[in-house]
Structure formats: C-alpha cells, structure tokens
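*Asks:* this one's structure only:
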C-alpha cells in the first residue's frame, strides 16, 4: 500500500467532485459540525460535545438551508463534510469519516441515481480512466444505467426468508438492529451484482425514517442504497416534508433508542419547523472515503485517510 499515492488520488477526486457539482450549478456549503439537537436515529450513536453533539451527518442543517427557498439561490447544494459516529470501527468504518452530501429541490430519488451515474463517470474520466475499473479483483463497468433492484425482489432472490418475515421478526427485537439488518448484511448485500454499481431501492417504510412513501404503495419508501464491488457507498431518498409525520417517526426512533438503553436525545424542533417550507426534494449521503477506496482499489479505509484513530 502506498498511502502517499492514495492521498494524492484523494485530493484529485475531491477536486473532480467539486468541479462536477459546480458544472451542474450546485452551491458548495459548510454547516456547523456541532449541533444541540441531532436527528434521532435508532442505531447511530453520537459523540457528546459540551452540551451538544458532533454531527453524524450535515443532513439536518443542509435541509434547513434548502427550506430557505429559491429566493436565496439554495435549490442545489453540496458539502464534503466530516462526520462522527460513536463505536464505528472496521475495515470500512471510522468514528470520524467524510461524507459527500448533496440536496436538490424539485427532484426525487431517481434524479439522484442519474447524478450518481454521471458523477462516477466524470471522476473516472478526470482520473484518466475509462468506464471500466477493477475493485478487489472485480471488473466494474460504470456506464449507466445501473441496475435497480427493489429490496423486496432482493429478499426473494437472495434471502432464506421473505421481507415480511424479516420485518416481523425484527419488530420483536429491541436489543440490536434485528433480523432485517442481519439478513441484508449476510444474505442480500454479498449477492448483489458486481459487474456494475447497483441501486438497492424501495426500502420498507419502517427502514426509512426520513424518506417519503412511494405514492403507489405507502408500505415502501423512495429510498435507495448504492453498492459497487460489494461495498455500500451511499444512502439516498426523496425527502419527507411533512413535519407531523416526521415528528412521529423521530419519536419511534427515540423509543427504540431508549429500549436499547441509549441516552435520550432532544427533539430537533428547528428542523421540524423548517420542514414546513421544504419543497419537494431529494438528498444523498455518499461515503467519500469509500469513493476513494473504490478508485484506489483499496481493501481498507485505513489506506485512504491521513491518520487512523489508533495513530493519533
């Protein structure tokens, strides 16, 4: 492993990402990394910081910017942001990592899929590569459109139990993420196609607390995860804009947190108030470190960051 070479590659990818979004008319923004009222998510643990919390994502504040409306010129925004999640350490996880997030008004999750396809090809071209790359021995073609597979179909094809069975068994559990997440991690994700990136889409509404329901079937949400070479890179959705529904979902997330013995979090009232003015929109969080891993053909996240926690 040549870490220095990977750091040069990381800088080049960062510049290309900025160029891509600038050409698309996005505004690069910066939001505070400490917040007094983070968005409650059942299975994300936060670092406390003198009466506030280090942000697990810039999502809440970026959506508040988007809610300020077209008069402010904030219809399309992006941020390459540090993010913090307690207890996350592994070959693809760090407690402090980098997210690329972008949000756009008058769009849905299908628009984000198209932007992902365009972004990856733009980066590949900027690096002097073609549409075919290799990641950990897997040949990946970046030419779109990439396959789109519903979670329900993925369970039917790859899992030993149905989606409904996984959800019902998960509802009976409070101590961990449950059967649904275990089945996703050990049966569905390892069997997804690797010939190209793939969108795993239309998650059960119970697994999409910030996403809007599908108009055709409210049991599912307009959410997708993006995988490439067997690695998850992004989580995205058409945004929920109803503050009453969102508050009820946050309450449910907080209930799960407290059942698991986690400390309570305050309700993010300013975020909920901003939802009243949030236009129809879509947003995505893409793991920037993992994007670098993909183009560096790096097996571990340690290979593409300046320092690991253990080196500090």
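*Replies:* That came in fine, so what should we check first? Keep in mind the model is a prediction, meaning the values are calculated, not measured.

*Asks:* from here on, contacts and neighbour counts on C-alpha atoms
*Replies:* OK.

*Asks:* find the residue at the geometric middle of this structure.
*Replies:* residue 235 (2.8 Å; Cα atoms, centre = their mean).

*Asks:* doesn't residue 227 make contact with it?
*Replies:* No. Counting by Cα atoms under 8 Å, residue 235 does not reach residue 227; the two are 9.6 Å apart.

*Asks:* rewinding a little: the residue nearest to the centre of the chain sits in which helix or strand?
*Replies:* Using DSSP states H and E, residue 235 sits in strand 231-238.

*Asks:* any idea of the mean pLDDT in that strand?
*Replies:* For strand 231-238, mean pLDDT rounds to 98.

*Asks:* run me through the strand neighbours of it, direction for each.
*Replies:* strand 223-228 (antiparallel), strand 281-287 (antiparallel) (DSSP bridges).

*Asks:* quick one: the longest one to chain centroid distance?
*Replies:* On the basis of Cα atoms, centre = their mean, to the nearest Å, strand 281-287 sits 6 Å off its chain's mean C-alpha point.

*Asks:* other SSEs contacting the one helix or strand in the chain whose mean pLDDT sits lowest?
*Replies:* When each helix and strand of the chain is scored by mean pLDDT, DSSP states H and E, helix 163-171 comes last, with a mean of 86. Secondary-structure packing of helix 163-171 (3 or more Cα pairs under 8 Å, 6 or more residues apart in numbering; DSSP states H and E): helix 151-158, helix 178-183.

*Asks:* what about the spatially closest residue to residue 27 that is not a sequence neighbour, distance to residue 144?
*Replies:* Spatial nearest neighbour of residue 27, excluding adjacent residues (Cα to Cα, 6 or more residues apart in numbering): residue 77 at 4.7 Å. Applying Cα to Cα, to the nearest Å, the value for residue 77 to residue 144 is 24 Å.

*Asks:* and these two? Which one has more around it.
*Replies:* Taking other Cα atoms under 10 Å, residue 77 and residue 144 do not tie; residue 77 has more neighbours (24 against 17).

*Asks:* ok so that one is a helix residue?
*Replies:* No. Looking at residue 77 with DSSP: H, G, I helix; E, B strand; the rest coil, it is strand, so not inside a helix.

*Asks:* give me the pLDDT for it.
*Replies:* 97.

*Asks:* kindly report the same for residue 20.
*Replies:* pLDDT, read off for residue 20, is 98.

*Asks:* that one reaches residue 119, doesn't it?
*Replies:* Yes. Between residue 20 and residue 119 there is a contact under Cα under 8 Å: 6.8 Å.

*Asks:* remind me which residues of the stretch 151-300 of the chain are low pLDDT?
*Replies:* By pLDDT under 70, the weakly predicted segments of the stretch 151-300 of the chain are 170-177.

*Asks:* relative to residue 222, which of the helices and strands packed on helix 163-171 is closest?
*Replies:* With distances scored as Cα to Cα, the stretch of these nearest to residue 222 is helix 151-158 (11.2 Å).

*Asks:* show me what the closest one is packed against.
*Replies:* In terms of contacts (3+ Cα pairs under 8 Å, 6+ apart), helix 151-158 is packed against helix 163-171, strand 198-201.

*Asks:* circling back to that earlier point, next one: the strand holding residue 235 to chain centre, how far?
*Replies:* 4 Å.

*Asks:* for the helix or strand following it, buried residues please.
*Replies:* Once the chain leaves strand 231-238, the next helix or strand it forms, by DSSP H and E, is helix 243-259. For helix 243-259, a neighbour-count test (16 or more other Cα atoms under 10 Å) marks 243, 246-247, 249-250, 252-257 as buried.

*Asks:* closest one to residue 47 out of those, please.
*Replies:* Using Cα to Cα, those come closest to residue 47 at residue 257, 15.0 Å.

*Asks:* returning to that earlier point: residues contacting the strand holding residue 235, please?
*Replies:* Residues outside strand 231-238 that contact it (Cα atoms under 8 Å, 6 or more residues apart in numbering) are 107-109, 112, 210-212, 221-227, 280-287, 290-291.

*Asks:* from residue 33, how far out is residue 81?
*Replies:* For residue 81 relative to residue 33 (Cα to Cα), the value is 8 Å.

*Asks:* more neighbours: which of these two?
*Replies:* In this view residue 81 and residue 33 are compared by other Cα under 10 Å, and residue 81 has more residues nearby, 22 against 17.
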